[in-house]
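> Any chance you can model this:
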Amino acid sequence: MKRLGIIGGVGPMATAYFLQLLTQMSDADIDQRHMEIYMISKPTIPDRTDYILGVSSKSPAIEMAGVGKQLKLLGAELLAIPCITGHYFHRELEQRTGLPIINAVNETVDYLRGRKASRVGIMATDGTIKSRLFQDIMDEFGIESLVPEQEEQKAVMDIIYKDIKAGKPANQEKFQEVSKQLRRRGAEVILLACTELSVLKRDHQIGKGYLDVMDVMAAKAVASCNQLKKEYRELIT
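Numbers count the residues shown, from 1 in each chain. Next up is the predicted model:
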């Protein structure tokens with residue numbers, strides 16, 4: 001088995017859920033058959049969206065790479081980052097750490113292509129949306145991407161930062177309203193493209209037609225380092 005390293009703490013609750021997913025997705029019947037994981041949680045890493053939008057001059061990549069190097073010293077052979085906005089730095093982090101890093105963005109688009117998705121809504125941070133992390137790759141493969149309008153995007157950011165990151169219950173009404181608007185515009189599938197939204201999915205019945213990017217990343221990690229349970233090959237709710 002390959003040994004997995006996790007650059008964690010971005011955010012802390014999402015990291016905890018990612019560890020849970022890795023365990024429940026692994027086809028292991030005893031302790032010794034589960035994958036070997038090294039995780040460092042460093043919540044002091046600067047905010048990824050603030051840097052991408054120019055609000056902060058502190059690059060998160062430097063500290064994230066530092067964590068990656070520590071994980072490499074511990075024995076990690078493959079890295080995962082349970083922060084989708086952090087994938088903005090994917091190439092730089094691979095160069096700085098000298099380790100392969102699961103690209104949750106590419107893996108998600110590959111998953112969508114395999115299921116012939118043609119119109120996909122994206123719920124994510126401002127950093128992910130405005131850097132076009134998903135949109136540019138979807139464009140390459142002829143998948144139309146739909147993002148929330150300004151007020152709807154503000155609602156998504158409130159759910160991420162004012163609710164989940166703040167340790168409060170997620171506002172379900174806001175979430176469902178944004179979903180409704182994306183569906184009205186033709187979204188066949190809606191991406192939960194922020195790991196805080198993954199926590200929302202964990203805690204609530206959100207309905208059908210969602211694809212959690214952290215599920216895709218966890219499934220890829222397990223398949224790379226262990227055996228994936230059959231029931232996790234289909235991930236769209």
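> I'd say Lys168 and Lys162 touch.
Yes: here Lys168 reaches Lys162: they are 7.3 Å apart, a contact under CB atoms under 8 Å. Glycine gets a C-beta too; all of them are placed from N, C-alpha and C.
> Which parts of the chain are helices?
Listed in chain order, the helices found in the chain under DSSP state H are 12-25, 48-52, 60-74, 90-97, 104-114, 126-130, 135-140, 150-157, 172-184, 195-203, 213-225.
> Need those helices in TSV (columns: distance to Glu234, mean neighbour count and mean pLDDT).
Conversion of those to TSV gives the following (distance: least, CB to CB, whole Å; neighbours: other CB atoms under 10 Å; pLDDT from 0 to 100):
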stretch	distance to Glu234	mean neighbour count	mean pLDDT
helix 12-25	12	18	96
helix 48-52	30	21	96
helix 60-74	31	19	98
helix 90-97	26	16	98
helix 104-114	10	19	97
helix 126-130	24	22	97
helix 135-140	20	16	97
helix 150-157	26	16	97
helix 172-184	20	16	97
helix 195-203	15	22	95
helix 213-225	10	23	97
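> Would you reformat those as TSV and include distance to Cys83?
Formatted as TSV, the helices of the chain follow (distance: least, CB to CB, whole Å):
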stretch	distance to Cys83
helix 12-25	7
helix 48-52	6
helix 60-74	9
helix 90-97	11
helix 104-114	9
helix 126-130	10
helix 135-140	18
helix 150-157	15
helix 172-184	19
helix 195-203	6
helix 213-225	9
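> mind checking which of these is nearest Arg3?
Each of those has some distance to Arg3 by CB to CB; the shortest is helix 213-225, at 7.2 Å.
> from the middle of its chain, how far away would that closest one be?
Put simply, helix 213-225 sits 10 Å off its chain's centre (CA atoms, centre = their mean, to the nearest Å).
> ok, now stretch 227-237?
Using CA atoms, centre = their mean, the offset of stretch 227-237 from its chain centre is 16 Å.
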